[in-house]
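> Okay, predicted coordinates and the sequence, questions at the end:
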Amino acid sequence: MEEKEFLKAEVLKKLGKRIKEIRIAQGYSSYEYFAYEHNISRAQYGRYEKGEDLRFSTLAKVISAFGMTMNEFFAEGFEEDGI
């Protein structure tokens, strides 16, 4: 795997982990219920939590659904290795 692709995969993995952690911390045990309640495709949202690629506009929608700012979202989980 090319270094650029590896970096992209690592960032997506961290995004997915962060999205899942916040959802659970906000009391949603089911990603499907969270997605449904915030008018996000359940199947697509499940893929985001698994670290699959997503558009920036979609990430912004998810962060907004969490009631967070971009700064709050990225404040944790992206420190190591400069990512």
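Structure's in. What do you need?
> helix, strand or coil for the closest residue to Val62 other than its chain neighbours?
Excluding its sequence neighbours, the residue lying closest to Val62 (CB to CB, 6 or more residues apart in numbering) is Ile19, at 6.1 Å. Quick note: C-beta positions are derived from backbone N, CA and C, even for glycine. Under DSSP: H, G, I helix; E, B strand; the rest coil, Ile19 falls in the helix class.
> pretty sure Ile19 is touching Glu49, no?
Yes: at 5.4 Å, Ile19 counts as touching Glu49 under the criterion of CB atoms under 8 Å.
> Which one's more surrounded, these two?
Counted by other CB atoms under 10 Å, Ile19 and Glu49 do not tie: Ile19 has more neighbours, with 24 against 19.
> contacting residues for the more buried one?
48-49, 62 (CB atoms under 8 Å, 6 or more residues apart in numbering).
> What about those, which are in helices?
The helices, defined by DSSP state H, take in 48-49, 62 from the contacts of Ile19.
> Got the phi and psi for Met68?
phi -120, psi 160 (degrees, to the nearest 10).
> Could you tell me how many residues sit around it?
Neighbours of Met68 using other CB under 10 Å come to 15.
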